[in-house]
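Participant: How does the following fold in three dimensions:
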Amino acid sequence: LVHPAMITHPNPKRVAIIGGGEGATLREVLKHNTVEEAMMVEIDGELVELCKEYLPEWSNCSDIVGSDADSCFDDSRASVAYDDAFGWFINSYGEGNNKEEKFDVIIMDALDPDKFVEIVGSLYKDNQFVEALFQGLSEEGVFVAQLGETDGIHDPAVETGPFKDKAHMMESLKSVGFQSMHIYDEGHPHFEAPWNILVAFKSHKSRASWYKTSAEIEIEIHRRLHRTKSGKPPLLYFDGSTMMNYQMPTKAQETVYCRREVTPWECDVPTSHL
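Facilitator: Okay, here's the model as predicted:
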């Protein structure tokens, strides 16, 4: 969820995290030496306190060179706003409330749009909120969100199937001005199935960085990531080869995408020459 978007941005200094109350997303963001401020907007303060007490390893920054605290929540670069992210972004970056300070990367580690919860559908269909996300990003900004369980090759089109809120979210992102979107699968979380993650680029320039070679990504990782005090690798499941796998959609994604009621033009492109 974190590192592909962070590595794609040329110089992420300010990062917003929506949700992520356990602190793991914050921990991964703080591993990047370009980060000057990481702000977490989490509605559930009680959850954060429980995770600090019972899951301290999830927010442990004690092994990160460059961190000035054992807990990531206490790192001088980190701040937490205990607020509804929906309202916070609209009040900060909605119409008539556009703050000057923008975020380079916004990470949504919150409700998955494939869950049958009424608030999820409202959240991802609300153009006012999505517009605020767009306005809250810098010119080369990157937005990333988890979408829930990945599509199977026999699933119906997303817009008509049980995961239609995914389609609503993508349409909303497109309508407010995001220049490009990409979905990739991630299997390392060890859920029952691989997880869909969506990354949206505010400009074509940031999108171009998504397609760097494996060697270029390795160089960026070496340049960007803080070392560890223990000497252990700072990352376990991300490297240049992994990023290359994210760059192209899976066959299942392509098949389900082309099942839309109005067939996308790219699905009609002849492939016999490939």
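Participant: ok, now how distant is Arg223 from Met244?
Facilitator: Per CB to CB, to the nearest Å, Arg223 is found 18 Å from Met244. Yep, even glycine has a C-beta here, placed from its N, CA and C like the rest.
Participant: What of Gly66?
Facilitator: For Gly66, the distance to Met244 (CB to CB) stands at 28 Å.
Participant: which residue ranges form the strands in the protein?
Facilitator: 14-19, 37-41, 78-81, 103-109, 137-149, 180-186, 195-201 (DSSP state E).
Participant: Stretch 7-20: end-to-end distance?
Facilitator: Taking CA to CA, to the nearest Å, stretch 7-20 runs 20 Å from one end to the other.
Participant: buried residues in that stretch?
Facilitator: Within stretch 7-20, the residues that count as buried by 16 or more other CB atoms under 10 Å are Ile7, Thr8, His9, Pro12, Lys13, Arg14, Val15, Ala16, Ile17, Ile18, Gly19, Gly20.
Participant: Could you dump these into TSV and include distance to Ser203?
Facilitator: TSV is the format used below for the buried residues of stretch 7-20 (distance: CB to CB, whole Å):
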residue	distance to Ser203
Ile7	16
Thr8	11
His9	11
Pro12	14
Lys13	17
Arg14	17
Val15	17
Ala16	18
Ile17	22
Ile18	21
Gly19	25
Gly20	25
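Participant: Show me the contact partners of stretch 253-261.
Facilitator: The contact list for stretch 253-261 (CB atoms under 8 Å, 6 or more residues apart in numbering) reads 150-153, 155-160, 183, 185, 249, 264, 267.
Participant: Can I get that stretch in PDB, CA atoms only?
Facilitator: C-alpha atoms of stretch 253-261 as PDB (Å, rounded to 0.1, in the frame of the first residue of the first chain):
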ATOM      1  CA  GLN A 253      -8.500  -7.500 -14.000                       C
ATOM      2  CA  GLU A 254      -8.400  -7.100 -17.800                       C
ATOM      3  CA  THR A 255     -11.200  -9.600 -18.300                       C
ATOM      4  CA  VAL A 256     -13.500  -8.100 -15.700                       C
ATOM      5  CA  TYR A 257     -12.800  -4.600 -16.900                       C
ATOM      6  CA  CYS A 258     -13.800  -5.500 -20.500                       C
ATOM      7  CA  ARG A 259     -17.100  -6.900 -19.300                       C
ATOM      8  CA  ARG A 260     -18.500  -3.400 -18.800                       C
ATOM      9  CA  GLU A 261     -21.900  -2.600 -20.300                       C
END
